[in-house]
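Novice: please work out how this folds:
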Amino acid sequence: MKGSDSPHQPIGFFDSGVGGLSVLRALRKQLPQESVLYFADQGHVPYGPRPLEEVRSFSKEITRFLLSRGAKIIVVACNAASAAALHTLRQVFPSIPFVGMEPAVKPAAESTQTGKVGVLATPATFQGLLYASVVERFAGQVTLLQHTCPGLVQQIEKGQLDTPETRAILQEALNPMLVQGIDTVVLGCTHYPFVIPLIQEIVGPQVRVIDPAPAVARQAGRLLESAGLLEAAPRAGVLEFYTSGAGEAFRNLLPILLGETGPVQEIEWDGMTIKRPSD
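Specialist: Purely as a prediction, here's the structure:
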């Protein structure tokens, strides 16, 4: 299946839920003229604790769906899906440009003064070869303190960005890291940038918090430009959203997390296959 060679086509985004909206938010600042199809697989959220092969299956099916709707490039706006499936997706769809999430260990390792870096991510990200490769290449002289923040993705999916329960999850992860002297926190899940204000309250101004979303948006722009697929029209791009969960709940979170909205359509899965909506 080939992507379109016309620039008047949307960018395909997908995530297990609302986390990828943090990357979409960054892309909208950089490339507001681009239209976007965003797929939130909330029927299967969170991806982090799931077996890698299952996440690969979901990712391939969602990619097929987005390509069937005309996507010219796919942004895997999910660290767990990138860790589990990015290599496979590039093999299965060799003619399609893909942009994935890579934990920002390199800039953290380069900037840390204490040599202690905290990494917040899901189990799938920590288990993936992508994370292992990044650590091997860039973190040889740095101590990485890792935590999976159980329950944090679900809190953000409910829009509970600053509640006692959300704060407790983050304190459990971050306080031991602070005791050990971290001066940098890497966010290895696209959901986590939505709680940066809360993280900063806990760690204080002396700790740098790295949000990878702007760098991923820049990489998407570079790929589009090199492929001749950048949208040249000055108009604002159109946003369309699909969710395998509850459409109304997702729609209500868009103004809070993204700052804008668009039509939301519920999508059903038939076993491992997406039941495509009628046009």
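Novice: what helix or strand is A124 located in?
Specialist: Using DSSP states H and E, A124 falls within helix 123-127.
Novice: mind listing what's buried along stretch 196-216?
Specialist: Using 16 or more other Cβ atoms under 10 Å as the burial criterion, the residues of stretch 196-216 that qualify are 196, 198-199, 202-203, 207-216. All C-beta atoms are positioned from the backbone trio N, CA, C, and that covers glycine.
Novice: so what's the nearest residue to A220 once chain neighbours are set aside bridging to?
Specialist: Leaving aside its sequence neighbours, A220 sits nearest to V99 (Cβ to Cβ, 6 or more residues apart in numbering; 4.8 Å). Beta-bridge pairing for V99 (DSSP bridges): V75.
Novice: hmm, K72 and V99 touching each other?
Specialist: No: using Cβ atoms under 8 Å, V99 makes no contact with K72, being 12.0 Å away.
Novice: among the buried residues of stretch 196-216, which pair sits farthest apart?
Specialist: I202 and V216 (24.6 Å; Cβ to Cβ).
Novice: follow-up on the earlier one: which ones among the buried residues of stretch 196-216 lie within helices?
Specialist: 196, 198-199, 202-203, 213-216 (DSSP state H).
Novice: packing partners of the helix or strand harbouring V185?
Specialist: Using DSSP H and E, V185 maps to strand 184-188. When contacts are defined as 3 or more Cβ pairs under 8 Å, 6 or more residues apart in numbering; DSSP states H and E, strand 184-188 sits against helix 105-111, strand 116-121, helix 196-203, strand 208-210.
Novice: can you state the direction angle for it and strand 116-121?
Specialist: 20 degrees (axes from the mean of the first three to the mean of the last three Cα atoms, to 10 degrees).
Novice: strand partners of strand 184-188, parallel vs antiparallel please.
Specialist: strand 116-121 (parallel), strand 208-210 (parallel).
Novice: tell me the angle the first one makes with helix 196-203.
Specialist: Okay, so that is strand 116-121. Using the same axes, to 10 degrees: strand 116-121 against helix 196-203 is 140 degrees.
Novice: could I get strand 116-121 in CSV with only the CA atoms?
Specialist: Taking C-alpha atoms only, strand 116-121 is exported to CSV below (Å, rounded to 0.1, in the frame of the first residue of the first chain):
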residue,chain,number,x,y,z
LYS,A,116,22.0,10.9,37.3
VAL,A,117,19.0,10.9,35.0
GLY,A,118,15.4,9.8,35.7
VAL,A,119,13.4,8.1,33.0
LEU,A,120,9.7,7.8,33.2
ALA,A,121,8.2,5.3,30.7
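Novice: buried set for it?
Specialist: 116-121.
Novice: and it, how far out from the chain's middle?
Specialist: 17 Å (Cα atoms, centre = their mean, to the nearest Å).
Novice: and if you look at stretch 102-112?
Specialist: Here stretch 102-112 is found 17 Å from its chain centre; the criterion is Cα atoms, centre = their mean.
Novice: tell me where the chain is predicted with low confidence.
Specialist: Counting by pLDDT under 70, the chain has low-confidence residues at 1-7, 271, 276-279.
Novice: where do the strands of it begin and end?
Specialist: 11-15, 36-40, 74-76, 98-99, 116-121, 143-147, 184-188, 208-210, 239-243, 264-266, 268-270, 273-275 (DSSP state E).
Novice: rewinding a little: of the strands paired with strand 184-188, which is nearest A85?
Specialist: Nearest of the strands paired with strand 184-188 to A85, taken as Cβ to Cβ: strand 116-121 at 15.7 Å.
Novice: contacts for that closest one, please.
Specialist: 48, 79, 103, 105, 108-109, 131, 139, 142-149, 152, 173-174, 177, 180-189, 192 (Cβ atoms under 8 Å, 6 or more residues apart in numbering).
Novice: may I see the ChimeraX selection of the buried members of those residues?
Specialist: In ChimeraX syntax, the buried subset of those is picked out as below (16+ other Cβ under 10 Å):
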select :48,79,103,105,108,109,131,139,142,144,145,146,147,148,149,152,173,174,177,182,183,184,185,186,187,188,189,192
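Novice: need the helices and strands packed on strand 184-188 in TSV with distance to G12, can you?
Specialist: Output for those, formatted as TSV (distance: least, Cβ to Cβ, whole Å):
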stretch	distance to G12
helix 105-111	26
strand 116-121	23
helix 196-203	26
strand 208-210	26
